[in-house]
Structures are given as C-alpha cells and as structure tokens.
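Peer 1: sequence first, then the predicted structure, then my questions.
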Amino acid sequence: MAWSSNRFTIQKSNLDLFALKSLVLLDFIMKQKIVLFWFRQDLRLLDNPGLSYAAKFGNVLPIYILDDQNSGMQKMGGASRFWLHHSLYSLRASLKGHLSVYQGDPKSVFNDLLNRYEVQGVFWNRCYEPWRIQRDKTLKNYLKSLPIQTRTFNASLLWEPWDIQKKDGKPYTVFSPFYRKGCLKAETPREPLPRVVQLKSVYDPSELGIDSLNLLPNNRWDVQLETHWEIGENAAHNRYQEFIKEGLSNYKEGRNLPATPCVSRLSPYIHFGEISPNYIWHEVQSLGSNKNIDHFCSELGWREFSYSQLYYNPDLPDKNLQSKFDSFPWRKDSKNLRKWQKGITGIPMVDAGMRELWQTGYMHNRSRMIVGSFLVKNLLIHWHHGEQWFWDTLIDADLANNSASWQWTAGCGADAATYFRIFNPVIQGLKLDPEGSYVRKFIPEIASLPNEYLFSPWDAPVEILDKAGIQLGLTYPNPIVDLNQSRDTAQEAFQLLEEVSL
DNA sequence: TGAAATGTTGGGGCG
DNA sequence: ACGCCCCAACATTTC
C-alpha cells in the first residue's frame, strides 16, 4: 500500500530526474530511517529540548507545518505571518538549508511522510493554545497507535501550567500570589541546554519551500515593518544583549516611559521561540538581584500567568471571565473603531501608540494599556475588537498574552483593573513622555507644539496652534470624544453593572 | 499598572 | 508674638 502511494507522490512532485531516480531506487531498497523534529513556536537551536533529544537518534528531518486548518478563528494574523516568514528563513539558514516546510493538517503531512520514510520517532515541544493542545493530543495518540515513538517537551514556559496551583488544587486568579507563592516557591526553571551543533539532518526534496506558504501580504505593507526589526535566533540574542546594556539598569522606572530604551522588546522573539524564557531567566538571574532584575523577571512571570489563565480557561479569548460583563451595553461604533485603529482619534497619546503599532508592528507596553483603556472605557467598544486588531497587527501577537491582557484592560479578567481605573491619556502623556519625544516621533504634524499642549492640542490657544502650523480638524483631528465626559459616562455604565450583579 | 475630589498638615506672609 | 489666611505638598477617599 505504501508503495503505490509513494510513486503517486513522486510523480506529482517536480523533482529533477536525478533526485527522482535516487528516490525510486531507495524505495526499492528501503525507506530512509529518520526521526522527525517538528518545529512550532521554538524556532531556535539553543535550548531546544525536543531538538536536542531528536539529535541523539541520528538522521533528523526538521520540519515546519503551517496549519491554518485547525486554528479556526485563531488563525495567525498578518504581522505574525510576516515575522514567521523571516524567522523560517533564518532557521533554515541555521540548519544549512535542511528545513522542510509543509502546509495543512499536520495529520495528513505526517501520513505523507510516514509513507515515504521509515519514521522511527516524532518529537516536538509543547504549545499551549487550546486548539493546539487538542490537535496535538489527537495526533500523539494517533502516532502512538501505529506505533511510532512520540515525545513532547517543554521549551516555552518556565513552569508548566499544571504545576502551579493553589493548595486547594485550583488555579491562581491573582498575579502576585501566583508568582510569589506559586512560581518562585516551585522548582527552579530548567537550565538552558547547549546549542544543537552537528545535527545529522535530512532534507525532504518534496517539501513546499517557505515562499509557497505565502506568508507575506500582497500589498507589501511589510516592507516598512522590515526596517524596524532583525528577525531570527541571532537577532534575538543581539536584542537581548542590547537590552542588558541599555535597558535593564533602569528597568523598573524606565519601563513605563515609551520614549526610553528600557523595555526589552523581546516579545516577538519569545513568542516564536527564537530565544527561550529559560535562557533569559538564568542569564538575568546570574547578573545578581536588585529591583530592576526582579521586576524584569516578574514580567516573565506575567507571561506565565497569561498562559496559566488560558490553560485553565480555554475560552479566555472569547468569553468574559467575569460573566457579569456579558450584559454590558457595548457600543457598535465602527467609525470610531476605525479611527482608533488608524491612530486618528485626535488624542495624541492614543494616536502615537496606534501609529507605533501600525508602523512597527509593536507597541510599548504602557501605550497598550493607554490605547486599550481608551477603546474600552472612553469609546465603550467591546474589547474583542481591540483583541482582534492587536492579533492581526502585532508581530508579538500571542493568544495567551493578548486575551489575558485585554480582559485585564476591560476589567472582566481574573485579576483585572477595576472598572473605575480609567487612564487619562493627557496625564499619562505629561507624566510618562515628559519630553514629548514619543508623541512627536509618531505624530509629526503636531511636533511643533510646546510640551504643555502636546498631549491636548484642543486646549491650546489659537495663536499657539497657529504658530505650530496646526489647524485642528484639518491638519490633526479634533478629539473624537471628550475625555472627561466619556470617562463619567463609562463609570456610570460600569457602576450599573456592579449594582445589577449584586 | 487611575484620576479626581476631599482632607490634612505645615510653612510663610501679614496685620 | 499671635492668629489668620493662603497654598503647596502630601494623604485619604471616592468613583
């Protein structure tokens, strides 16, 4: 049975004659013995437990599968695809060209490979998105039934979600005890493994090739993004070193200032596994212990917390954790949603954040909180819309972090900001971008305003606007809502929610 | 990882 | 010297 389907596969593919002949020959003698290593969110050679394990077996076929079939509504967004495209190229180079790429349902990809090779084992590092857990569980059972040796590893979390629980066996719902009593009291995270060198790798000539995955957009908006990022494992380590040099020593305070280089910007690399949290954790810990290092480590803890929340609440991306929010009267306001997305709300701190996102595929963490608060609380637009926009436009879009953070912002999450915590983008700007350099960078049309009015141009006297060459409503929008009034409205609406649920 | 309103304190100017 | 007022700075309460 395997023989006939083999020939069929070969005829379909466009191999050159030599490769065809040698494969047919192999087919007659014996199928090549290999183990499969399946790359997923772990596109690296350093500290890759699954790959290190596979490497012990000899001939390893390293593969990547783009699976848009099982992901449902959570299909990878545009910015993520851009990143993935380059990350795969980088990984392929590290593997000296031996990365074989496929598309579709992994089960059929595996079946095809099982027909053409004698597969002695299949190994991968675990992912934690509910749809991936579901898919991989089924797949693992299937492979085991054949039987084929299958083994999975942890390469992307410092602590497995099922290892961090309260004494009563329930998951933590508040960050601080989750991190302090849960994570820090649990076993120290695994030490990073050495880089896989001398991998005896195999290449499958009938793989698709990275380009045929069509990960880049047709209208090439990615060209601008590309200027802001180096992508791949080496780039991840360069970014890490840069952060240690430029950002860590003032991390605790500087992390709130969007114009400073104090945040790590490692999130896209971590998401795609170009650098491992274990590597970062142990490197940083080896530098000693102070408030900056501790705070940075706790941010890795926040990531663990997001994954824990998603693991124990698989519908975190769709459903309010606090169900009383189900009845909240969100506004269907596609015009204002569009203005928020494009960064033309007329509120500089919000627009700066949204334009940073659009231009670079990234947004400073503090800006994410400000624009999120604005969308949900000042515009009263459902957090799903923010979640979806971020999902499509962020290069570090991560299901756990994205959904947990939006639930936090909206106030419906587990350890959420209470409803009356509403950011004032003017005050946040004055406090956190005191030089105004963040706003001026992304909103050049108001750059000539003095700092005093930079965050609230509508308050500026006409002569100052004139002098700065600004005509509100023409060169820069009037604010789409009154901050004070919309804040009061929101508080009333959220207050009502509290009362109804009593 | 909020902001505004309200309350408290203490120093300095002044009659 | 003293009481009074003003106000900034800080603390607490409220939404």
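Peer 2: Noted; the coordinates are in hand.

Peer 1: who are the contact partners of the spatially closest residue to residue A:273 that is not a sequence neighbour?
Peer 2: Using C-beta to C-beta, 6 or more residues apart in numbering and skipping residues adjacent in sequence, the residue nearest residue A:273 is residue A:42, 3.7 Å away. Any C-beta I mention is one placed from the backbone N, CA and C, and that applies to glycine too. Residue A:42 makes contact with A:48, A:50, A:51, A:125, A:155, A:156, A:273, A:276 under the criterion C-beta atoms under 8 Å, 6 or more residues apart in numbering.

Peer 1: DNA strand B versus the first one, what's the distance?
Peer 2: Translated: residue A:48. Distance, residue A:48 to DNA strand B, using C-beta to the nearest atom of the strand, to the nearest Å: 29 Å.

Peer 1: shouldn't residue A:388 be within a helix?
Peer 2: Yes. Counting by DSSP: H, G, I helix; E, B strand; the rest coil, residue A:388 is part of a helix.

Peer 1: can you tell me how far it sits from residue A:394?
Peer 2: 11 Å (C-beta to C-beta, to the nearest Å).

Peer 1: now swap in residue A:137 and tell me
Peer 2: Taking C-beta to C-beta, one finds residue A:137 at 28 Å from residue A:394.

Peer 1: pick out whichever of these two has more residues nearby.
Peer 2: Legend: neighbour count by other C-beta atoms under 10 Å for residue A:137 and residue A:394, higher for residue A:394 (25 against 11).

Peer 1: thought that one was touching residue A:77?
Peer 2: Yes. Counting by C-beta atoms under 8 Å, residue A:77 is a contact partner of residue A:394 at 7.4 Å.

Peer 1: in the longest helix anywhere in chain A, which residues are buried?
Peer 2: Counting by DSSP state H, the longest helix found in chain A is helix A:291-312. By neighbour count on 16 or more other C-beta atoms under 10 Å, the buried set for helix A:291-312 is A:292-293, A:296-298, A:300-312.

Peer 1: and DNA strand B, which of those contact it?
Peer 2: Counting by C-beta under 7 Å from any atom of the strand, residue A:302 from the buried residues of helix A:291-312 sit close to DNA strand B.

Peer 1: show me where the stretch 401-502 of chain A has its strands.
Peer 2: Under the criterion DSSP state E, counting those that start in this stretch, the stretch 401-502 of chain A carries no strands.

Peer 1: which intervals of it have sub-threshold pLDDT?
Peer 2: Applying pLDDT under 70 to the stretch 401-502 of chain A flags residues A:501-502.

Peer 1: spell out which parts of it neighbour DNA strand B.
Peer 2: So the stretch 401-502 of chain A meets DNA strand B at A:417, A:420, A:421, A:422, A:423, A:424, A:427, A:428, A:431, A:484 (C-beta under 7 Å from any atom of the strand).

Peer 1: list only buried entries from these.
Peer 2: By neighbour count, with 16+ other C-beta under 10 Å, these hold A:417, A:422, A:423, A:424, A:428 as buried.

Peer 1: and stretch A:336-350, how far out from the chain middle?
Peer 2: Centre-to-centre, stretch A:336-350 and its host chain are 23 Å apart (C-alpha atoms, centre = their mean, to the nearest Å).

Peer 1: neighbouring contacts of that stretch?
Peer 2: A:351-355, A:357-358, A:367, A:370-371, A:374-375, A:379, A:381, A:385, A:389, A:425-426, A:428-429, A:433, A:439, A:442-443, A:446, A:454-458, A:472, A:476-481, A:483.

Peer 1: now for residue A:126: which residues touch it?
Peer 2: Contacts of residue A:126 by C-beta under 8 Å, 6+ apart are A:136, A:152, A:153, A:154, A:155, A:156.
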